[in-house]
Structure formats: structure tokens, C-alpha cells
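Peer 1: Next come a sequence and a model predicted from it.
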Amino acid sequence: MSRSTSSSSTDGRPEGLLEIGHVRRAHGLAGEVFVQLTTNLDERLGPGSRLVAADGTEFVVERSRHASNGRRVVKFAHLSSRTAAEQARDTSLFAEPIDDPDALWTHQLIGTEVIEIDGTVRGRCVAVIANPAADLLELHNGALVPVNFITEVEDGRVTVDTPDGLFEDV
């Protein structure tokens, strides 16, 4: 990994990295673990992927698969026994951001000011909520704005083109 992981932000996240999942518990005797992803990008657990814990420990994926119950079972290079896997339980996993200029990333949206195309300021985005139809920007005032209404993200501002009435009950 090219970036140093020795420094951390105040929330325990290694500086410059994004949280992508958590080791949940051991699976079997050979050091495999269940991993819960907080991303929809399965390639984060592809063979050779390098993940980092908050303490700087590197987790290199040897192999991963979906269990019959849909959970992900992962074998990390340095976990060679059930005891080692149990010690990794509840570890948060972090990785470099993926560079995709056409994608909207949660970490880029939270904290932005949401403005309609006519210039009306609607508030600050405090969360992005996963939703089957379209993820939702949650504003500080409780308003929810589907991300498919975003027309531009630039300089800490998100411009949205919303239908009439979306903000009437806020």
C-alpha cells in the first residue's frame, strides 16, 4: 500500500482511507472469517486486495466466497488459525478510495450544502441512506432527497433538480 496508515483521524479511521467493512467472527478452523461489507463493491474482497485496520494492521485477501447464507467468508494471509481469526473479531477494515470520476461517493456527499437549481438552499447533507429505488440524501432538517435528482457536485455544494412539492412538508 502506497499510503502510510500509521496516522489516524479522530474517529479511529486511518487517514485518507474509507471504511469498507468489518470482520465479524471466525469461520471454521483454518483462519477464515465472516466479513460484513459496508460497500456494494465486492471487488474490495478480491484476491490480493489490501485492507487496513485502525491500528495499521494490514489484511491481505487470499480468497473470498459467498457462503450459502449470502454472507462473505474471507481468508486473510496473516490469519492461519481459528485463534487468530477470533482475535480479529469486530475489526473495522479500511481501504483506499476508488478513483471513478463518474461515481458519487458517500464520503463526498456528507457535509455538502444542498441547493436547488434555482439557487434555493435546502440544507446540509448529514447522511446518505441506502434505498432500493435510489439512495437518499438526508438533510439536517430531516428532508430526504433521492440522489438521482443530483445534477452537479462541486466545491462542497450539491445541486439538485427536484420535482415541485418535495420540500413542502419540511
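Peer 2: Thanks, I have it.

Peer 1: Where is the longest helix in this protein?
Peer 2: Using DSSP state H, we find that the single longest helix of the chain is helix 82-87.

Peer 1: Moving C-terminal from it, which element do we reach first?
Peer 2: Downstream of helix 82-87, the next assigned helix or strand under DSSP states H and E is strand 92-95.

Peer 1: May I have the lowest-mean-pLDDT helix or strand in the chain as PDB, with CA atoms only?
Peer 2: Within the chain, no helix or strand scores below helix 106-109, which has a mean of 81 by mean pLDDT, DSSP states H and E. Only the C-alpha atoms of helix 106-109 are listed here, as PDB (Å, rounded to 0.1, in the frame of the first residue of the first chain):
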ATOM      1  CA  THR A 106     -20.900   8.900   0.200                       C
ATOM      2  CA  HIS A 107     -17.900  10.500   1.700                       C
ATOM      3  CA  GLN A 108     -18.000  13.200  -0.900                       C
ATOM      4  CA  LEU A 109     -21.700  14.000  -0.300                       C
END
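
Peer 1: list the buried ones in that helix?
Peer 2: Across helix 106-109, burial judged by 16 or more other Cβ atoms under 10 Å covers 106, 109. Using the backbone N, CA and C atoms, a C-beta is placed for each residue, glycine as well.

Peer 1: can you list the residues that contact that helix?
Peer 2: Helix 106-109 is contacted from outside by 18, 97, 125, 128, 137, 147, 153, 158, using Cβ atoms under 8 Å, 6 or more residues apart in numbering.

Peer 1: could you say what helices and strands the longest helix of the chain packs with?
Peer 2: Contact here means 3 or more Cβ pairs under 8 Å, 6 or more residues apart in numbering; DSSP states H and E; on that basis helix 82-87 packs against strand 18-27.
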